[in-house]
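> Predicted structure and sequence below. I'll ask about it afterward.
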Amino acid sequence: MNIEYVRTLWEEFRLVNGITTRVIEAIPADKIGTRPVRDMRTPTELVVHMAETMRGVVEGIVSGEIKEYESSEKALCPTIQSRDDLAKLMRDAWAKANKAIGGLRPEQATAMVKSPWGMDFPGWVCVQIVFDEHLHHRGQLYAFLRALGVEPPFMWDFENNAAEFKPRQHQQA
């Protein structure tokens, strides 16, 4: 695996994150702190976790070590007062992670990255971890929306994403 693989995976993740942003925007504004599914995180807790995982793991690839970030999730949750705050948090985390990936050097894509999880991974595997974790939790958000009576966005409807998350061949210069 190499930097080209990372960039290809990240490009797909860009599209996926556009759908995620739309999913967040579909959460009923008055339900972000509820538990639509018993014993699971609230939508706020889930989105904060997704955003912090994306940011924390990608910044860890660049620095060579993924720092523990789950304590920052607990501190962030009370600061989220609205669905707009959630969407902004995800957009900000995306911007930081995307900038870090954009500056990733080839040797960082293959270098081992220390993690707080008891094992280390090559940088490219960390990108896959972000992608897998994101999709897993986005699936939970889909279940939440359905439990709340909201039809979620079609998972492959990239054409209706915000401009920065549309397929590149369809964007106008």
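The structure has been received and is ready for your questions. Worth saying up front: this structure is predicted, and the values here are computed from it rather than measured.
> And the contacts of the lowest-mean-pLDDT helix or strand in the chain?
Scoring the helices and strands of the chain by mean pLDDT, DSSP states H and E places helix 70-76 at the bottom, with a mean of 86. For helix 70-76, the surrounding residues in contact (C-beta atoms under 8 Å, 6 or more residues apart in numbering) are Glu45, Val48, His49, Glu52, Gly56, Leu89. (Each C-beta comes from the backbone N, C-alpha and C, glycine too.)
> Which residues belonging to it are considered buried?
Using 16 or more other C-beta atoms under 10 Å as the test for burial, helix 70-76 gives Glu73, Leu76.
> Looking at the helix or strand just after it now, give me its mean pLDDT.
Sequence order places helix 83-102 as the next helix or strand after helix 70-76, per DSSP states H and E. Mean pLDDT, helix 83-102: 95.
> Now do the strands in this structure.
112-113, 121-122 (DSSP state E).
> possible to save those as CSV with distance to Tyr69 and mean pLDDT?
Listed next are the strands of the chain as CSV, based on distance: least, C-beta to C-beta, whole Å; pLDDT from 0 to 100:
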stretch, distance to Tyr69, mean pLDDT
strand 112-113, 14, 97
strand 121-122, 16, 96
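> so which of these comes closest to Met40?
Closest to Met40 of those is strand 121-122 (C-beta to C-beta; 26.7 Å).
> Surely Val127 touches Ile66?
No. Between Val127 and Ile66 there is no contact under C-beta atoms under 8 Å: 12.0 Å.
> which stretches of this structure have low pLDDT?
Low-confidence segments of the chain (pLDDT under 70): 169-173.
> Which stretches in it count as helices?
Along the chain, counting by DSSP state H, helices occupy 3-26, 43-63, 70-76, 83-102, 106-110, 123-147.
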